[in-house]
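Peer 1: just a sequence and a predicted model for now, questions to come.
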Amino acid sequence: MTATAYTDSPVARHALHRRTLAVVMASQVFSGAGLAAGVTVGALLAADMLGTSSLSGLPAALFTAGSAGAALMVGRLSQRLGRRAGLTAGYAAGAIGGAGVVTAAAVDSIPLLLLFLLVYGAGTATNLQARYAGADLIGPERRGRAVSSVLVATTLGAIAGPNLVAVTGDAAQHWGIPALAGPFVLAAVAYALAGTVLFALLRPDPLQVARLIAAAEQPGTATPSLAPTTTAKPYAGSVTAGAVTMVLTQIVMVAVMTMTPIHMQAHGHDLQATGLVIAVHIGGMYLPSPLTGLLIDRYGRIAGAVASGLTLLAAGILGAAGPADSVVVLALALGLLGLGWNLGLVAGTAMITDAAPLQTRAKTQGTIDLCVALAGSGAGISSGMIMSATSYAALSLGGGILALAIIPLITLRRRTTSGV
């Protein structure tokens, strides 16, 4: 179908958008498992191989640093060749990284472990970049819901991944591989499947079609579905405001999440309990997406960002004040941590997509995700040092207080940017 056909036919454009969402959501089910499996045991594997828990934040730092580089790569590749090429390449790199981590654990090589944790981060970046593909062909009045649809699809795999830790660990031991490397086997397979789905089915490419439609339209007749919105409330966005929101929520989420398995291990919890808590956390990151997307479309991006800061503060307070031997309290705190991150991500993504023109949209999105990943990398590597010097309670409460910075920063941006 030609670009003119999509321009002239809202029905055809809507059908293509729905098909794009279905394909991306299918790939996200697989990638969610790949993302969650490594996150659950990465810190534990590093602590075991390095012989110290003070550097157990290093895996999160490495795969978020790898995520930073991959975000830039995926964004620029998508800008040049479309979402299909960028996302497929990112998932292929994530699969290679997962397989490399398994190899490193099998031969007990710390240098290989560090190298392939870096490469593994490409899967995390690609998982997040996929949300933009869901918003390429939809207008700002439904953009939050489009982004949230992609995020919620991650939930199925993301919740299953941590709960397969014990099973994959047993399988790994049966193969003569350390148990903690088992989830990375799952991650490698899951990322490979996610990339295969996109490579085979993401046709026509949503970003390329969006550009063709925009080019076919005469000046002054651009439709809300494709044109960036800069004046219409509540959809108007700001690249800076969206970036600030996502960077701060990422710092808080990564720092607390990374140290939770170490905190639980120190208080006698087994891998099954740890997997349950991380599953609740990742469920909080993705499962509420349909509701948060609807609310952010209805009440505005700023309201979503403010709600994110307040939710992360509540998570920090509960994590700090709750008893360390209570799985229920830890699961609730980590669930709120995930929800706060979700609110910030959906609001920030909608702001950026609202404001970024199609001509540079993918490149801008990739650059901002680079900043988000770098912030997460710093949070991951510093979280272990902070907890070793203080406590998990101090780390959790400090993260909640930091999240409150979203409110004055975003409010200031609202006052200085028309319509935001």
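Peer 2: Now that the structure is in, tell me what you want to look at. Model, not experiment: these values are computed from the prediction. Numbers count the residues shown, from 1 in each chain.
Peer 1: for the rest of this, base every contact and every neighbour count on C-alpha atoms.
Peer 2: Fine.
Peer 1: helix or strand next in line after the helix or strand harbouring Ala22, which one?
Peer 2: Assigning secondary structure by DSSP states H and E places Ala22 in helix 10-50. Next in sequence after helix 10-50, counting helices and strands by DSSP H and E, comes helix 58-81.
Peer 1: give me the buried positions along that following helix.
Peer 2: Applying a neighbour-count criterion of 16 or more other C-alpha atoms under 10 Å, one finds 58-79 buried in helix 58-81.
Peer 1: now swap in stretch 192-202 and tell me
Peer 2: Residues of stretch 192-202 classed as buried: Ala192, Leu193, Ala194, Gly195, Thr196, Val197, Leu198, Phe199, Leu201, Leu202 (neighbour count, 16+ other C-alpha under 10 Å).
Peer 1: quick check, nearest of these to Gly338?
Peer 2: Ala194 (22.7 Å; C-alpha to C-alpha).
Peer 1: determine the three-state secondary structure at Ser388.
Peer 2: helix (DSSP: H, G, I helix; E, B strand; the rest coil).
Peer 1: what about it, how many neighbours?
Peer 2: Burial measure for Ser388: 14 neighbouring residues, criterion other C-alpha atoms under 10 Å.
Peer 1: what's the distance between it and Leu45?
Peer 2: 18 Å (C-alpha to C-alpha, to the nearest Å).
Peer 1: all strands of the stretch 151-300 of the chain, in order?
Peer 2: In the stretch 151-300 of the chain, no strands are defined using DSSP state E, counting those that start in this stretch.
Peer 1: give me the low-pLDDT residue ranges for it?
Peer 2: The stretch 151-300 of the chain contains residues with pLDDT under 70 at 159, 162, 217-237.
Peer 1: hey, where'd the helices end up in it?
Peer 2: 165-174, 182-201, 206-216, 239-266, 271-286, 289-299 (DSSP state H, counting those that start in this stretch).
Peer 1: save the ones you listed as TSV, and put in distance to Ala105 too.
Peer 2: Converted to TSV, the helices of the stretch 151-300 of the chain look like this (distance: least, C-alpha to C-alpha, whole Å):
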stretch	distance to Ala105
helix 165-174	11
helix 182-201	10
helix 206-216	39
helix 239-266	19
helix 271-286	18
helix 289-299	35
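Peer 1: of those, give the one that comes closest to Leu87.
Peer 2: helix 182-201 (7.0 Å).
Peer 1: helices and strands around the closest one, which ones?
Peer 2: helix 10-50, helix 83-107, helix 165-174 (3 or more C-alpha pairs under 8 Å, 6 or more residues apart in numbering; DSSP states H and E).
Peer 1: give me the residue at the spatial middle of the chain.
Peer 2: Leu128 (4.3 Å; C-alpha atoms, centre = their mean).
Peer 1: relative to helix 83-107, how tilted is the helix or strand where that one lies?
Peer 2: Taking DSSP H and E as the criterion, Leu128 maps to helix 110-133. Helix 110-133 runs at 160 degrees relative to helix 83-107, counting by axes from the mean of the first three to the mean of the last three C-alpha atoms, to 10 degrees.
Peer 1: mean confidence (pLDDT) on helix 110-133, please.
Peer 2: Average pLDDT, helix 110-133: 90.
Peer 1: now do the buried residues in it.
Peer 2: Residues of helix 110-133 classed as buried: 112-133 (neighbour count, 16+ other C-alpha under 10 Å).
Peer 1: ok, stretch 268-286 next?
Peer 2: Applying 16+ other C-alpha under 10 Å to stretch 268-286 flags 269, 271, 273-286 as buried.
Peer 1: tell me the contacts of Ala192?
Peer 2: Going by C-alpha atoms under 8 Å, 6 or more residues apart in numbering, Ala192 touches Tyr91, Ala92, Gly94, Ala95.
Peer 1: run the last query once more with 6 Å
Peer 2: By C-alpha atoms under 6 Å, 6 or more residues apart in numbering, the contact list for Ala192 reads Ala92, Ala95.
Peer 1: next one: Arg145
Peer 2: Arg145 touches Gly293, Leu294, counting by C-alpha under 6 Å, 6+ apart.
Peer 1: before we move on, the earlier item: how far off centre is the helix holding Ala22?
Peer 2: In this view, helix 10-50 has its centroid 9 Å away from the chain centroid, taken as C-alpha atoms, centre = their mean, to the nearest Å.
Peer 1: ranges for the strands of the stretch 301-420 of the chain?
Peer 2: Going by DSSP E, counting those that start in this stretch, the stretch 301-420 of the chain shows no strands.
Peer 1: show me where it has helices.
Peer 2: 301-321, 327-355, 361-389, 392-403, 406-416.
Peer 1: which one, of those helices, ends up nearest to Val11?
Peer 2: Proximity of these to Val11 was assessed by C-alpha to C-alpha; the nearest stretch is helix 327-355, lying at 22.3 Å.
Peer 1: how close does the spatially closest residue to Gly157 that is not a sequence neighbour sit to Phe63?
Peer 2: Leaving aside its chain neighbours, Gly157 sits nearest to Ala33 (4.0 Å; criterion: C-alpha to C-alpha, 6 or more residues apart in numbering). Per C-alpha to C-alpha, Ala33 is found 16 Å from Phe63.
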